[in-house]
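Asks: from the sequence below, what's the structure:
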Amino acid sequence: MTRQFIGALALVVALTCAQAPQANARAARSVSAADRIEALAAEASELVRAGQFHRGIARYEEAYRIEPAAALLYNIAFVYDRKLDDPRSAREYYERYLVAPDAEADGSARARDRLLDLNARIRELDSPPPPATEPAPSASAAGLHVVSHESSKGDSWGWALMGTGAVAIAVGTGFHHMAGESADLANRSQGTDRTILAARVKDQELIGWSALGLGAGHHLAAALRRDGQLPRA
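Replies: Residues are numbered from 1 along each chain as shown. I've put the predicted structure just below:
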């Protein structure tokens, strides 16, 4: 009986001694993982402070793959939100933080507040753009307006010349008839040649017809330039 008891005790001691190294190995691995996560988180913080935001996020994600801690998700969301101005990515990580089992109450409250602003920002970005306003007149349109204005000025000169010519013709014709009557009276009283007086008055009619012709020609040339049939000066 004594031998059996001693044998059983020896077996227990042997099993305990065999399990001790395994427990120590697991503890060593756990300490090593915690050290690795802490080192990665510290490196990520340094990268974010240096402005290397995407590299910092990569270190946080690497640490999260080792140990899915909610604090790492919050840090990633903060970088996307405050540093990169990426509201959609920030919203994704804040939402993941809120459903994490180890999320803290204060962090959850801050995450919900930020989600309100981010959702409003995303709705604003997704809203359709305002209708386009009427474009300002181009340089070519302005040039056409100037050309049209110059053409109207040319037409005004043409009409003025034509009007002056018509008045000159009317005055010349009137003086012609008056001169003819004066010539008839002179012939009857003094024997003056009527054709001499009439020829002098004819000069006035010639001037009137010339002015009328110049006005009509100027008006016709302006119309042809406006239609593109004549080159502009």
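
Asks: low pLDDT regions in the protein?
Replies: Under the criterion pLDDT under 70, the flagged ranges of the chain are 1-31, 134-209, 211-212, 214-233.

Asks: at 80 what do you get?
Replies: Flagging of the chain using pLDDT under 80 yields the residue ranges 1-31, 130-233.

Asks: tell me the SS of A111?
Replies: Reducing the assignment to helix, strand or coil with DSSP: H, G, I helix; E, B strand; the rest coil, the entry for A111 is helix.

Asks: in space, what's closest to it - neighbours in sequence excluded?
Replies: Of all residues beyond its chain neighbours, the one nearest A111 is Y94 (4.4 Å), with distances taken as CB to CB, 6 or more residues apart in numbering. In short, each C-beta sits where N, CA and C put it, glycine included.

Asks: next up, the contacts around the one you found.
Replies: Y74, A77, D81, A111, R114, L115, L118 (CB atoms under 8 Å, 6 or more residues apart in numbering).

Asks: where's the first one, which helix or strand?
Replies: Y74 belongs to helix 70-78 when assigned by DSSP states H and E.

Asks: please save the CA atoms from that helix in CSV.
Replies: Listed in CSV are the C-alpha atoms of helix 70-78, where the atom choice follows Å, rounded to 0.1, in the frame of the first residue of the first chain:
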residue,chain,number,x,y,z
ALA,A,70,-11.0,48.6,-29.1
ALA,A,71,-8.6,51.4,-28.3
LEU,A,72,-6.7,50.7,-31.5
LEU,A,73,-9.9,51.1,-33.6
TYR,A,74,-10.6,54.5,-31.9
ASN,A,75,-7.0,55.7,-32.7
ILE,A,76,-7.4,54.7,-36.4
ALA,A,77,-10.8,56.5,-36.5
PHE,A,78,-9.3,59.6,-35.0
